[in-house]
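J.: Need a 3D model of the following:
(2 chains)
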Amino acid sequence: DIVMTQAPLSVSVTPGESASISCRSSKSLLHSNGITYVYWYLQKPGKSPQLLIYRMSNLASGVPDRFSGSGSETDFTLKISRVEAEDVGIYYCGQLLENPYTFGAGTKLELK
Amino acid sequence: EVKLVESGGGLVQPGRSLKLSCAASGFSFNDYWMGWVRQAPGKGLEWIGEINQDSSTINYTPSLKDKFTISRDNAQNTLYLQMSKLGSEDTAIYYCALSLAYWGQGTLVTVSS
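T.: Predicted coordinates for the structure are as follows:
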C-alpha cells in the first residue's frame, strides 16, 4: 500500500498569517497520463471531510482561493494564506492513484 | 446540490452483521463511482472500497475484503455496505462518498456486547 506521511501533526497559526502542511508519499503519485493523484481534505470539528484540492493543484468547487496545492511526484504541500477562523480542523492528504486508496494521519490546525 | 445520506448504523453485537445504506440525490447517480470510507473514534480516515457505475468492478481494501460487500441500486439511487462478522475494531463513523469528492454526514456503527 502507498503510505502517506503528513507533517506537522499540528500547527498553530495566527489569524491572517499563512500555514503550510506537507505530505509525502512512499511512491510516485504521477500517473502516465500526467496527472498527479494527490488530494487534500479538511475535516472541520464534528463534520465530514470536505474536498479542498484534487489532482495536486486543482481547487475544488466553492473552496476559497486562499487554499493552494503544489508538489512533485512524492512531496506535496497545501498552503493556506490568510488563515481564518473557519479553517480550523484536521487536514488530510490522500492518494487516489491506486487501490487501496490511503490517507495521511492528518494535521490539526488551530488558531493562536 | 449533491446530497448523500447514510443510514443503518447503530449498536450491534460482536459477530453480527449490519447493512448500511446511502441515499443519493442531486446528481446522476448511475454516472459515478461511489465508495465508502470509515473513521474510528478519534482516528484518521480508512478507505473501505468503491464500486463502478454498473457494479461490474468493485474494489476493496484487502483487510476488509472478506467481511464487507459493497453494492448499489441505480434505480433507487442507493449505495449499500453489507458488513459481517463485526468486531470492536469496526466501531467507526461510516461515510459514503461520490468519487471521494463529496461525502455524506456519516452513520455511527458501534460494535459492543
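
J.: looking at this, residue A:86 is in a helix?
T.: Yes: counting by DSSP: H, G, I helix; E, B strand; the rest coil, residue A:86 is found in a helix.

J.: burial measure for the closest residue to it other than its chain neighbours, as a count.
T.: Nearest non-adjacent residue to residue A:86, counting by CB to CB, 6 or more residues apart in numbering or on different chains: residue A:44, 7.8 Å away. For every residue, glycine as well, the C-beta is placed using N, CA and C. As a burial measure, residue A:44 scores 13 neighbours (other CB atoms under 10 Å in any protein chain shown).

J.: For residue A:44, grab phi and psi.
T.: phi -70, psi 160 (degrees, to the nearest 10).

J.: Tell me if I'm right that it and residue A:50 touch.
T.: Yes: judged on CB atoms under 8 Å, residue A:44 makes contact with residue A:50 at a distance of 7.5 Å.

J.: residues touching the residue minimising distance to the centre of chain A, list them.
T.: Most central in chain A under CA atoms, centre = their mean is residue A:40, positioned 3.3 Å from the mean C-alpha point. By CB atoms under 8 Å, 6 or more residues apart in numbering or on different chains, residue A:40 lies in contact with A:23, A:51, A:52, A:53, A:67, A:69, A:78, A:91, A:92, A:93, A:94.

J.: near chain A, which residues of chain B?
T.: Residues of chain B lying close to chain A (CB under 8 Å from any CB of the partner chain) are B:37, B:44-47, B:49-50, B:59-62, B:95, B:100-106.

J.: any idea whether the residue positioned nearest the centre of chain B is helix, strand or coil?
T.: The centre of chain B sits closest to residue B:36, judged by CA atoms, centre = their mean, with a distance of 3.8 Å. Following three-state DSSP, residue B:36 is assigned to strand.

J.: That one is in contact with residue B:72, isn't it?
T.: No: under the criterion of CB under 8 Å, residue B:36 is not in contact with residue B:72, lying 11.0 Å apart.

J.: list residues touching both of those two?
T.: The contact lists of residue B:36 and residue B:72 share residue B:79, where a contact means CB under 8 Å, 6+ apart.

J.: leaving aside the residues next to it on the chain, what's closest to residue 60?
T.: Just going to use chain A. Once flanking residues are discounted, residue A:60 sits nearest to residue A:51: 4.4 Å by CB to CB, 6+ apart.

J.: You answered for a different chain; I wanted chain B.
T.: Nearest one to residue B:60, counting by CB to CB, 6+ apart, is residue B:49 at 3.9 Å.
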